[in-house]
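In: Okay, predicted coordinates and the sequence, questions at the end:
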Amino acid sequence: MSPFFVMSLLFGLAFGQTASLCAPSEYTIHVEKRECAYCLAINTTICAGFCMTRDSNGKKLLLKSALSQNVCTYKEMLYQTALIPGCPHHTIPYYSYPVAVSCKCGKCNTDYSDCVRERVRTNYCTKPQKLYN
């Protein structure tokens, strides 16, 4: 093997985490309130993608700190607020949602992220839909 190939391989292994495929991705959230006439489809960005993970076969022999289970999570986010149409006056018609500005591979923070991926599809409308941009 050439020295260039070996150096490239070592560089890729050492810095592979920085080249992961974790980035803001377009996503549509469907929001509805029982009292309101419409379901609101909101276009936003979430963090999604692949992060390098180390999971040893010898889990029982190692400390938990030696294992690394990184997920694609928010590095920087902001919140925006949308108005849900067709709500009666006694109802608060606002919905605040996160917008991913940048993402990182790291530990999942349950304060602002759902760290469990379920196969149940819950992101849909049961009422007539309005689009919010």
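Out: That came through fine.
In: Toward the C-terminus, what is the element adjacent to the helix or strand of the chain at the bottom of the mean pLDDT ranking?
Out: Of the helices and strands making up the chain, the lowest-confidence element is helix 3-14, at a mean of 49, by mean pLDDT, DSSP states H and E. Downstream of helix 3-14, the first helix or strand assigned by DSSP states H and E is strand 23-32.
In: elements contacting the next helix or strand after that next one?
Out: Next helix or strand after strand 23-32 toward the C-terminus (DSSP H and E): strand 39-48. When contacts are defined as 3 or more CB pairs under 8 Å, 6 or more residues apart in numbering; DSSP states H and E, strand 39-48 packs onto strand 23-32, strand 71-83, strand 94-106, strand 129-132. All C-beta atoms are positioned from the backbone trio N, CA, C, and that covers glycine.
In: Could you list the paired strands of the first one along with their orientation?
Out: When sheet partners are counted by DSSP bridges, strand 23-32 sits next to strand 39-48 (antiparallel).
In: What ranges in the protein fall below the confidence cut-off?
Out: For the chain, applying pLDDT under 70 flags the ranges 1-20, 54-68, 112-123, 131-133.
In: before we move on, back to that, okay if I get the helices and strands packed on strand 39-48 as TSV plus mean neighbour count and distance to residue 47?
Out: Putting the helices and strands packed on strand 39-48 into TSV (neighbours: other CB atoms under 10 Å; distance: least, CB to CB, whole Å) gives the following:
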stretch	mean neighbour count	distance to residue 47
strand 23-32	16	6
strand 71-83	15	5
strand 94-106	16	4
strand 129-132	14	21
